[in-house]
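In: fold the following and give me the result.
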Amino acid sequence: MPQPPAQQRVQLIIDQLRQQIAQQKDGTCRQPRFDSQLFRCKGTRLADYLHELEQNMAQLSAAETDVVRRQWLAEKVLDQIAALQRECQSQQLRTLRERPRIDPRQSKREEYQGYETRLMAMLEQRQQHLARAETLSVQQQLIREVEILQERLARCRAAMQKLELSAPAR
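Out: Okay, the predicted model is just below:
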């Protein structure tokens with residue numbers, strides 16, 4: 001049975017929402033994103049809310065519901081679509097604290113990679129200074145600094161390796 005034009009347009013909008021949500025980082029938030037009157041689901045990811053919207057759309061398409069229920073459900077679907085569209089468009093405006101949380105291991109990995117980058121730059125700088133050092137005392141001081149930085153870099157890389165090994169198998 002072909003869908004009426006209005007239903008096709010709504011389905012097209014839902015498909016566009018699905019694509020927008022798939023393109024965004026959809027981490028979990030600390031709190032539900034929407035009011036419980038609008039969405040029953042207690043999830044904190046946009047995909048959770050999209051799933052509920054799709055379920056409501058399927059119910060709306062079912063012919064056995066009465067007219068009053070269909071009208072109420074149609075209004076709810078439209079409100080849910082509008083809320084999801086606003087949420088998708090406002091993701092870039094959120095402060096860092098309000099943004100969805102990413103996997104804690106990923107943030108730790110990024111932190112360690114930042115340390116590694118800075119340590120390698122510092123090590124390179126000390127090695128260049130060592131190559132240009134003229135006095136024995138300056139050379140000895142730079143050698144100690146290079147050794148300390150190499151130890152720090154080794155500990156950093158060990159922590160990164162430990163983090164990778166602790167990741168659950170998928």
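In: what are the buried residues along stretch 61-73?
Out: By 16 or more other CB atoms under 10 Å, the buried positions in stretch 61-73 come out as 61, 73. (Each C-beta comes from the backbone N, C-alpha and C, glycine too.)
In: check which helices and strands the lowest-mean-pLDDT helix or strand in the chain sits against.
Out: The element with the least model confidence among the helices and strands of the chain, by mean pLDDT, DSSP states H and E, is helix 5-23, at a mean of 84. Under the contact definition 3 or more CB pairs under 8 Å, 6 or more residues apart in numbering; DSSP states H and E, helix 5-23 sits against helix 46-61, helix 67-89.
In: neighbouring contacts of the longest one?
Out: Residues from elsewhere that reach helix 67-89, judged by CB atoms under 8 Å, 6 or more residues apart in numbering: 10, 13-14, 17, 20-21, 24, 33-34, 38-39, 46, 49-50, 52-53, 56-57, 59-60, 65.
In: buried ones in the helix or strand that that helix is followed by?
Out: Downstream of helix 67-89, the next assigned helix or strand under DSSP states H and E is helix 104-132. Judged by neighbour count (16+ other CB under 10 Å), helix 104-132 contains these buried residues: 109, 112, 115-116, 119, 122-123, 126, 130.
In: which one of those sits closest to residue 145?
Out: residue 126 (5.0 Å; CB to CB).
In: and that closest one, what's its pLDDT?
Out: Looking at residue 126, its pLDDT is 94.
In: for it, what are its contacts?
Out: 142, 145-146, 149.
In: do that again at 10 Å, thanks
Out: When contacts are counted by CB atoms under 10 Å, 6 or more residues apart in numbering, residue 126 touches 133, 141-150.
In: one more: residue 7?
Out: Residues near residue 7 by CB under 10 Å, 6+ apart: 57, 60-61, 74.
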